[in-house]
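**Q** Sequence and predicted structure below; questions after.
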Amino acid sequence: MILRKSLITLLLGVVVVACSTNPFTGKQTLALVPNSQILPMAFQQYDQFLSENKVVKGTADANMVKSVGQKMAAAAERYLNANGYAGYLTDYRWEYNLIESKDVNAWCMPGGKIVVYTGILPVTKTEAGLAAVMGHEVAHALANHGQQRMSAAQLQQLGAVAGNVALANNPENQQIFNTAYGLGSNLGVMLPFSRSHETEADHIGLILMAIAGYEPMAAAQLWERMQAQSQGAPPEFLSTHPSSTTRIQNIKGWAASAKAEARKFGVTTFKN
Ligand SMILES: [Zn+2]
């Protein structure tokens with residue numbers, strides 16, 4: 001009982017000191033595994049993924065992925081700087097790669113490591129559609145959703161192995177990272193985020209795409225096209241990001257305020 005009590009006290013202590021603020025929502029989030037540890041692991045996994053897959057270079061599509069990616073990164077930087085979070089992206093090493101694959105998928109690892117599969121381009125259809133997908137994925141990274149999933153895994157592990165608490169340099173972190181990101185046996189296959197993280201990523205992504213000069217309503221149209229694709233075998237992207245009427249309605253409801261936010265940055269035209 002005493003052991004249990006001290007463990008709980010210890011856990012609470014850890015949780016209190018290991019919180020970080022989500023700059024987009026102002027919410028306190030769990031960050032037991034610091035980004036200083038997560039980012040190097042992400043960078044390594046990303047490089048490995050690139051070495052094992054066919055990276056498309058120099059085509060119009062590959063250039064579009066890079067150019068939209070750069071605009072989303074610049075939008076994130078502008079938003080964070082304007083909201084008192086200058087330096088938030090210091091450890092980011094943005095990269096945007098198009099991968100030759102029929103899979104309908106895209107993801108962003110912590111630290112701004114983005115992959116878009118050629119298979120998703122017929123669904124994203126326009127530059128704004130691609131911006132919607134990339135904005136959403138970037139938002140997961142910016143909001144540290146993966147980090148929170150890792151922290152939750154850490155807590156579970158701590159619960160299981162009471163007494164052996166070495167959070168900062170836990171040799172199991174690599175394992176937890178792989179589990180949290182669905183890596184390892186299925187490299188690059190992301191696990192689904194929770195519904196609240198999905199909603200948060202939709203909202204943040206919409207603001208980013210508007211600041212980057214894209215019409216936020218294009219995101220609603222993108223998800224409608226995704227939904228239409230879900231007949232038969234649903235694409236990879238939909239298995240981790242289920243499209244729903246609620247999601248589409250939320251996006252439509254936020255579009256005007258996303259544009260209002262963008263106007264604060266002098267953005268007045270929004271590309272479809
Ligand atoms: Zn998502």
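**A** All right, it came through fine.
**Q** For the host helix or strand of residue 198, could you pull out the residues that count as buried?
**A** Assigned by DSSP states H and E, residue 198 falls within helix 195-211. Residues of helix 195-211 classed as buried: 197-198, 200-211 (neighbour count, 16 or more other CB atoms under 10 Å). All C-beta spots, glycine's among them, are computed from the backbone N, C-alpha and C.
**Q** what does the model give residue 193 for pLDDT?
**A** The model reports residue 193 with a pLDDT of 80.
**Q** Within its local environment, how many residues does it see?
**A** 19 (other CB atoms under 10 Å).
**Q** ok so it is a strand residue?
**A** No: applying DSSP: H, G, I helix; E, B strand; the rest coil, one finds residue 193 to be coil, outside a strand.
**Q** For it, which residues are in contact?
**A** When contacts are counted by CB atoms under 8 Å, 6 or more residues apart in numbering, residue 193 touches 140, 145, 149, 201, 240.
**Q** any idea which helix is longest in the chain?
**A** The single longest helix within the chain, with elements called by DSSP state H, is helix 60-82.
**Q** Please name every helix or strand in contact with it.
**A** Judged by 3 or more CB pairs under 8 Å, 6 or more residues apart in numbering; DSSP states H and E, helix 60-82 is in contact with strand 95-99, strand 113-117, helix 127-142, helix 195-211.
**Q** what separates the third one from the chain centre, distance-wise?
**A** In terms of CA atoms, centre = their mean, to the nearest Å, the centre of helix 127-142 is found 8 Å from the chain centre.
**Q** Now do that helix against helix 60-82: the angle between them, please.
**A** Using axes from the mean of the first three to the mean of the last three CA atoms, to 10 degrees, the inter-axis angle of helix 127-142 relative to helix 60-82 is 50 degrees.
**Q** could you give the mean pLDDT of helix 127-142?
**A** Averaged across helix 127-142, pLDDT comes to 96.
**Q** Now it: buried residues?
**A** By neighbour count on 16+ other CB under 10 Å, the buried set for helix 127-142 is 127-142.
**Q** Return the residues in contact with the spatially most central residue of the chain.
**A** Nearest to the geometric centre of the chain sits residue 140, at 2.3 Å (CA atoms, centre = their mean). By CB under 8 Å, 6+ apart, the contact set of residue 140 is 108, 146, 193, 197, 201.
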